[in-house]
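Trainee: let me see the structure of the following:
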Amino acid sequence: MKTNMGSADRIVRLLLVVVIAALYLTGIIGGTVATVLLVLGGVFLLTSFLAFCPLYLPFGISTARK
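Mentor: As a prediction, the model looks like this:
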């Protein structure tokens, strides 16, 4: 698995995870919206730690430095 995410992309995803978690923990979001956003946050967290986004592959996108 070759990395295809740069550090800026990874930081943005981690910030989104923090925002989603804060909204959920403070009770601002709930129900189905919270479930969908928490799953999306989990995907963002996993992809940012792996530095690999499978959706970038079909489009040939790479934000990583060469």
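Trainee: ok, the most centrally placed residue in the chain - contacts?
Mentor: The C-alpha lying nearest the average C-alpha coordinate of the chain belongs to residue 44 (CA atoms, centre = their mean; 1.8 Å). Taking CB atoms under 8 Å, 6 or more residues apart in numbering as the contact definition, residue 44 lies against 13-14, 16-17. Yep, even glycine has a C-beta here, placed from its N, CA and C like the rest.
Trainee: one more: residue 53?
Mentor: Contacts of residue 53 by CB under 8 Å, 6+ apart are 4-5, 9, 47, 61.
Trainee: name the nearest residue to residue 2, ignoring sequence neighbours.
Mentor: For residue 2, the nearest residue in space outside its immediate sequence neighbours is residue 52; the separation is 7.4 Å by CB to CB, 6 or more residues apart in numbering.
Trainee: and that neighbour, helix, strand or coil?
Mentor: Under the three-state scheme (DSSP: H, G, I helix; E, B strand; the rest coil), the conformation of residue 52 reads as coil.
Trainee: can you report how many residues lie near it?
Mentor: 16 (other CB atoms under 10 Å).
Trainee: against residue 26, how distant is it?
Mentor: When distances are taken as CB to CB, to the nearest Å, residue 52 and residue 26 turn out to be 31 Å apart.
Trainee: helix or strand with the lowest mean pLDDT in the protein?
Mentor: Of the helices and strands making up the chain, the lowest-confidence element is helix 56-59, at a mean of 93, by mean pLDDT, DSSP states H and E.
Trainee: okay, buried residues for that helix please.
Mentor: For helix 56-59, burial by neighbour count (16 or more other CB atoms under 10 Å) applies to residue 56.
Trainee: now stretch 13-24
Mentor: Taking 16+ other CB under 10 Å as the neighbour-count basis, stretch 13-24 is seen to contain the buried residues 13, 16-17, 20, 23-24.
Trainee: what would the contacts of residue 44 look like in CSV with pLDDT?
Mentor: Listed next are those as CSV, based on pLDDT from 0 to 100:
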residue, pLDDT
13, 96
14, 97
16, 97
17, 98
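Trainee: that's all I had, so thanks and see you.
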